[in-house]
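Participant: how would this look folded up:
(2 chains)
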Protein chains: 2
Amino acid sequence: MDLEFIRELITPAKTKIVMLVMDGLGGLPLEPGGKTELETAQTPNLDALAALSALGLSEPVGPGITVESGPGHLALFGYDPLQDRIGRGVLEAVGVGIDLDPSDIAVRGNYCTVDAAGVVTDRRAGRIKNEISRPLSSLLSTKIEDVEIKVETVKEHRLAIVLHGPGLSAEVSDSDPLKNGYRPLPLKALTAQAEKTARVLNQFVEHARQVMAGYEPKPPANMLLLRGFDKYPNFPSFPEMFGVRAAAIAVYPTYRGIAKLVGMQVLPVEGGATADEFATLEQYWNDFDFFYLHVKETDLAGEDGDFARKVSIIETVDRLLPRLMALQPDVVVVSGDHSTPAALKGHSWHPVPTLIYGKSVRADGLAEFGERACSRGSLGLMPARNIMPIALANAGRIIKWGG
Amino acid sequence: MDLEFIRELITPAKTKIVMLVMDGLGGLPLEPGGKTELETAQTPNLDALAALSALGLSEPVGPGITVESGPGHLALFGYDPLQDRIGRGVLEAVGVGIDLDPSDIAVRGNYCTVDAAGVVTDRRAGRIKNEISRPLSSLLSTKIEDVEIKVETVKEHRLAIVLHGPGLSAEVSDSDPLKNGYRPLPLKALTAQAEKTARVLNQFVEHARQVMAGYEPKPPANMLLLRGFDKYPNFPSFPEMFGVRAAAIAVYPTYRGIAKLVGMQVLPVEGGATADEFATLEQYWNDFDFFYLHVKETDLAGEDGDFARKVSIIETVDRLLPRLMALQPDVVVVSGDHSTPAALKGHSWHPVPTLIYGKSVRADGLAEFGERACSRGSLGLMPARNIMPIALANAGRIIKWGG
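Facilitator: Numbering: from 1, shown residues only, chains lettered A, B, ... in the order given. You can find the predicted model right below:
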């Protein structure tokens, strides 16, 4: 079922949908036969909501596939992540908070070390520390011809670089030789349209080299390698496709960026706590039909291998849930963009517990929100991109199809 | 999700996966409300493993579709059987133990009866008995020009014929008129490259006719019909695709043949019993990362309609399971290539009970391996080709995907 098919069936309605995404929600027990983080958490409010909901387990891309946040969120938003892809350069740029325009070009960069002959001796500049990398990057941002160039450290040697200006193209070859022992390659235009971009980039690399050469104390990095030139992806717009005024409530830049890429309005959140996100939801309740509310800390705790902290964050969200329900949303989705079991200290392929609540939902009567309860739910094991059509249907926003 | 997508995410690991395939595992109760063969069997070891596993029901091709062993196994090995097909000629040839080379041509043949005018009066030669068919076939094997021709009886009138030699092509028209009352058609080259093959085959048919004419006592067959010319299929190699050193442990030629076709190394089994297969597993444990272990007798009992024997074979496998687990595999899959309910005395479309065990599996906590327990499992009702990606993920062999 593709998005065009659904788009043709969309009808207006005065209903409101909230999609509450706990990042990396799915988990694993620490001991065989034990409970997961979500199963361990005391969640009376989620459990009560589950009793009135249809439950299931969602897979972002497919069986056995572990995803990053980008494809995980695209699937929750109803897209097919194998079809609609966010380039890594764009995702890293939005992740460090660079605001992208549709005509901008995003590039992934590395700090590296070259010897006197210009040969790369370390493609990662000894994994240069963030404390050195960050201030260095801020000095590299510049303007060449009429092109603004922003440089931000993603982590250590990894950089997000964004070009903003007229007449840019992503059709430029990489400079990264991908191995030590080689010189950086000149950046070459792959089409006539890209000549300006290649010229500006080559000047930028020389500018960066000079800045690093003059920097004191001498940093471990003395050169840049560029690879992966991305344009802003041209997705079908979420609000147009689904006929909703859509708002995003997220604190972390990556999620604000992904929401913006699909056309959601990104709302300001005063303060960085989850409770502040719920306050934003209350504040803007009358202005939108669809709210994406993102909780990051579940994933961070999972990545840290901190089972107890992940449990505690889930419990915090549970205590905030009555504020959401008090707004009387027509449809509520609670899910995650992927699993991040504390036991694995990272993202995983395990299907994600998912709940869809609404007045017309055929509730499973399972009064527990947890992995094993969800595996018994009527939504079954489903692709995450099924969630949006079901939510829209329950919100009275999909008309009957005659064939 | 296609195989190319998964191939790009494969990463090396020092983990071991065992796929234990009980042929025709799925069954049916003999009485309404009764238990299936697997549910009837006393399987304490499989039940204990199930408690630590994710369970589900797998479908080789799709709902309602009953498969032969070829597509059933291809699906278990991660292929899409609708995409990657083994020609019936090739499958029958490997099934009777003919070792195929990639340049060989496999042909399906029938013994038939023709009248004095050469018109086919019985396309199946009265379903000539195996005891007559087998010795006759061994006399038909010959060499024409530089082409070796091997003929083996598959069953009764059905023959597997393999051509081995230089410059062969499968682009040859059939000789089988498909109805009684017609003369066999001359075999014609459909392309210039196939002229030698057609010439050799026409000589071979004449040779066969003469052998049968001179045979005493006069067999019910006096002519051959040929149809379906297959080349050795060109599948993506299983070991390359999934980055594993893959070994097959099987006694019956069909399964050894299919495993060889996908690029697995087929191990010798001393003796033909299931226990001997487990001994082979132990013997070669250090040399491979992936083991396919095939138990045929479950299917044979099902085909015979022998419920009690199928139960007893499952119990035998259960008693051998501790030897497998003692090797400390990282991931174990237990499944079948299709169902063969004794109640139906043949293959069926019913989904196959499937278990995936591993340290990072999110266990369902269902301490029973049976059709109904599996229908409540978190793997749900799934295409059999989902099993490999999940097994590989649990073995730490699939990296995170960023989009």
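Participant: For the rest of this, base every contact and every neighbour count on C-alpha atoms.
Facilitator: OK.
Participant: show me the contacts for A:T191.
Facilitator: Each residue near A:T191 by CA atoms under 8 Å, 6 or more residues apart in numbering or on different chains is listed here: A:E171, A:V172.
Participant: Swap in 7 Å and give it another go.
Facilitator: By CA atoms under 7 Å, 6 or more residues apart in numbering or on different chains, the contact set of A:T191 is A:E171.
Participant: and what of the one 4 residues further on?
Facilitator: Remark: with contacts taken as CA under 7 Å, 6+ apart, A:E195 is in contact with A:A189.
Participant: so what pLDDT did it get?
Facilitator: pLDDT, A:E195: 96.
Participant: what does A:I98 give?
Facilitator: On pLDDT, A:I98 comes in at 89.
Participant: Repeat that for A:A54.
Facilitator: Looking at A:A54, its pLDDT stands at 98.
Participant: For the host helix or strand of it, list the C-alpha coordinates in CSV.
Facilitator: Using DSSP states H and E, A:A54 sits within strand A:53-59. The C-alpha trace of strand A:53-59 is given here as CSV (Å, rounded to 0.1, in the frame of the first residue of the first chain):
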residue,chain,number,x,y,z
SER,A,53,-6.2,0.1,22.8
ALA,A,54,-5.1,-2.2,20.0
LEU,A,55,-1.6,-3.5,20.7
GLY,A,56,1.2,-4.8,18.4
LEU,A,57,4.9,-5.0,17.7
SER,A,58,6.2,-2.8,14.9
GLU,A,59,9.3,-3.3,12.7
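Participant: Give me the helices and strands touching the helix or strand just after it, please.
Facilitator: Per DSSP H and E, the first helix or strand lying C-terminal to strand A:53-59 is helix A:69-76. Helix A:69-76 makes packing contacts with no helix or strand when contacts are defined by 3 or more CA pairs under 7 Å, 6 or more residues apart in numbering or on different chains; DSSP states H and E.
Participant: Which is the succeeding secondary structure element to helix A:69-76?
Facilitator: Heading C-terminal from helix A:69-76 (DSSP H and E), you reach helix A:88-95.
Participant: Give me the buried stretch members for that next one, please.
Facilitator: For helix A:88-95, burial by neighbour count (16 or more other CA atoms under 10 Å in any protein chain shown) applies to A:R88, A:G89, A:V90, A:L91, A:E92, A:A93, A:V94, A:G95.
Participant: how about the CA coordinates for that helix, as CSV?
Facilitator: Extracted C-alpha coordinates of helix A:88-95, given in CSV (Å, rounded to 0.1, in the frame of the first residue of the first chain):
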residue,chain,number,x,y,z
ARG,A,88,23.6,10.7,6.2
GLY,A,89,25.1,14.2,5.5
VAL,A,90,21.7,15.8,5.9
LEU,A,91,20.9,13.7,9.0
GLU,A,92,24.2,14.6,10.7
ALA,A,93,23.6,18.3,9.8
VAL,A,94,20.2,18.4,11.3
GLY,A,95,21.5,16.4,14.2
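Participant: next one: that helix to chain centre, how far?
Facilitator: Relative to its parent chain, helix A:88-95 has a centroid offset of 9 Å by CA atoms, centre = their mean, to the nearest Å.
Participant: Could you identify the helix or strand that succeeds that helix?
Facilitator: Going down the chain from helix A:88-95, the next helix or strand is strand A:105-114, by DSSP H and E.
Participant: Tell me which strands that next one pairs with, and in which orientation.
Facilitator: strand A:120-122 (antiparallel), strand A:158-164 (antiparallel), strand A:223-231 (antiparallel) (DSSP bridges).
Participant: on contacts alone, who are the packing partners of the strand holding A:A54?
Facilitator: Partner elements for strand A:53-59 (3+ CA pairs under 7 Å, 6+ apart): strand A:352-358, helix A:371-375, strand A:380-383.
Participant: What's the separation between A:P44 and chain B?
Facilitator: 23 Å (CA to the nearest CA, to the nearest Å).
Participant: and if you look at A:A189?
Facilitator: A:A189 sits at a distance of 25 Å from chain B (criterion: CA to the nearest CA).
Participant: partners of that residue in the sheet?
Facilitator: Using DSSP bridges, the beta-bridge partners of A:A189 come out as A:V172.
Participant: right, and A:V162 touches A:I105 too?
Facilitator: Yes: A:V162 lies in contact with A:I105 (CA atoms under 7 Å); the separation is 5.6 Å.
Participant: Give the residue from the two that has the larger number of neighbours.
Facilitator: The neighbour count for A:V162 versus A:I105, taken as other CA atoms under 10 Å in any protein chain shown, is higher for A:V162 (28 against 25).
Participant: partner residues bridging that one?
Facilitator: A:A106, A:K150.
Participant: thinking again about what came up before, between the buried residues of helix A:88-95, which sits nearest A:A189?
Facilitator: A:A189 has its nearest neighbour among the buried residues of helix A:88-95 in A:G89, at 18.2 Å by CA to CA.
Participant: correct me, but that closest one touches A:I105?
Facilitator: No: here A:G89 does not reach A:I105: they are 8.7 Å apart, not a contact under CA under 7 Å.
Participant: contacting residues for the closest residue to A:K14 other than its chain neighbours?
Facilitator: Once flanking residues are discounted, A:K14 sits nearest to A:D289: 7.6 Å by CA to CA, 6 or more residues apart in numbering or on different chains. A:D289 makes contacts with A:T15, A:K16, A:I17, A:V244, A:R245, A:A246, as judged by CA under 7 Å, 6+ apart.
Participant: Could you tell me which of the residues you listed belong to strands?
Facilitator: Counting by DSSP state E, the contacts of A:D289 place A:I17, A:A246 in strands.
Participant: isn't A:G97 right next to A:Y255, touching?
Facilitator: No: A:G97 is beyond contact range of A:Y255, at 9.8 Å (criterion: CA under 7 Å).
Participant: Just the closest residue of the stretch 251-400 of chain A to chain B, please.
Facilitator: Using CA to the nearest CA, the single residue of the stretch 251-400 of chain A nearest to chain B is A:S375, 5.0 Å away.
Participant: what about A:E152, which SS state?
Facilitator: Three-state assignment for A:E152 (DSSP: H, G, I helix; E, B strand; the rest coil): strand.
Participant: Can you tell me how far it is from A:S137?
Facilitator: Distance of A:E152 to A:S137, given as CA to CA, to the nearest Å: 6 Å.
Participant: what's the pLDDT at the residue of the stretch 251-400 of chain A closest to chain B?
Facilitator: Reported pLDDT for A:S375: 96.
Participant: which ones are touching A:L38?
Facilitator: Contacts of A:L38 (CA under 7 Å, 6+ apart): A:V311, A:I314, A:G370.
Participant: What about the last one, how many residues nearby?
Facilitator: Just to be clear, that refers to A:G370. Count around A:G370 with other CA under 10 Å applied: 30.
Participant: Just give me the neighbour total for the residue in chain A positioned nearest to chain B.
Facilitator: Of all residues in chain A, A:G64 sits closest to chain B, at 4.2 Å by CA to the nearest CA. Here the number of neighbours of A:G64 (other CA under 10 Å) works out to 25.
Participant: which residue sits closest to it, ignoring its sequence neighbours?
Facilitator: B:I390 (4.2 Å).
Participant: what does the stretch 251-400 of chain A have sitting close to chain B?
Facilitator: Contact residues, the stretch 251-400 of chain A versus chain B (CA under 7 Å from any CA of the partner chain): A:R372, A:S375, A:R376, A:G380, A:L381.
Participant: Confirm that A:I390 sits in a helix.
Facilitator: Yes: counting by three-state DSSP, A:I390 is part of a helix.
Participant: Just the buried positions in stretch A:128-139, please.
Facilitator: Across stretch A:128-139, burial judged by 16+ other CA under 10 Å covers A:I128, A:I132, A:S133, A:R134, A:L136, A:S137.
Participant: actually stretch A:213-221, not the one I typed
Facilitator: Quick answer for stretch A:213-221 (16+ other CA under 10 Å): A:P219, A:P220, A:A221.
Participant: What pLDDT does the model give the nearest residue to A:L28 once chain neighbours are set aside?
Facilitator: What sits nearest to A:L28 in space, not counting adjacent residues and going by CA to CA, 6+ apart, is A:T36, at 4.6 Å. Model confidence at A:T36, given as pLDDT, is 98.
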